[in-house]
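> following is a predicted model, sequence given first.
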Amino acid sequence: MGYIAIIKQIDDFRLVEQKVETLIIKLLNEHEYVEFLVGRDGEFDQLVTSAILRCRKRLDTGNCSVTWVMPYLKADYVKNSENYDNYYDSVEVCEQSAKVHPKSAIQIRNRAMVDRSDLCVFCVMHKSGGAYQTLRYAERTGADIINLLD
């Protein structure tokens, strides 16, 4: 089971956080193992990662992993790799996006994450922007999608 989380801004932080935690608990209880693929490029990415780690601890389960998928090798990771490696179960650089201009790398990384995932979870508020474009891409590929704001 794969996972993707993408957004730039959250208006009702607590409501979204509750929806995320409910979904994570459901996924962890219904599946033998879940690999969560996350970015670290916005509020939602960090909210989701924190929620996954809290839920895993609360349920006292080891049936999941959290992988930070970078669009390219980030200087902050290079400087603080030990901290990031301790926080995430694994850290990787998306091969497809690492080869392109940084302005298009996040979108390419997001599409690569969609392609790897069984379920794509979004928190898209507006019919514009990068998260919306990735949602549309996921729809075109026939991916299973949950938009927490639907």
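Right, received. Where do you want to start?
> how about the residue located most distally from the centre of the chain, phi and psi?
Farthest-out residue of the chain from its mean C-alpha position, per CA atoms, centre = their mean: Lys79, at 22.5 Å. Note on Lys79: its backbone torsions stand at phi -70, psi -30 [degrees, to the nearest 10].
> quick one: it from Phe44, how far?
According to CB to CB, to the nearest Å, Lys79 and Phe44 sit 24 Å apart. For the C-beta atoms, the positions are set from N, CA and C on the backbone; glycine is no exception.
> one more: His101?
In terms of CB to CB, His101 sits 24 Å off from Phe44.
> those two: who's more crowded?
Phe44 (26 against 9; other CB atoms under 10 Å).
> now the more buried one: which helix or strand?
Following DSSP states H and E, the helix or strand that holds Phe44 is helix 43-59.
> mean confidence for that helix?
Regarding helix 43-59, the rounded mean pLDDT is 94.
> any buried residues in it, and which?
The neighbour-count check on helix 43-59 (16 or more other CB atoms under 10 Å) flags Phe44, Asp45, Leu47, Val48, Thr49, Ala51, Ile52, Leu53, Cys55, Arg56 as buried.
> quick check, nearest of those residues to Arg14?
Leu47 (10.2 Å; CB to CB).
> apart from its neighbours in sequence, what residue is nearest that closest one?
Nearest residue to Leu47, sequence neighbours excluded (CB to CB, 6 or more residues apart in numbering): Glu17, at 5.8 Å.
> count the neighbours of the one you found for me.
Counted with other CB under 10 Å, Glu17 comes out at 17.
> would you list the phi and psi of it?
Backbone torsions for Glu17, taken as degrees, to the nearest 10, come to phi -60, psi -40.
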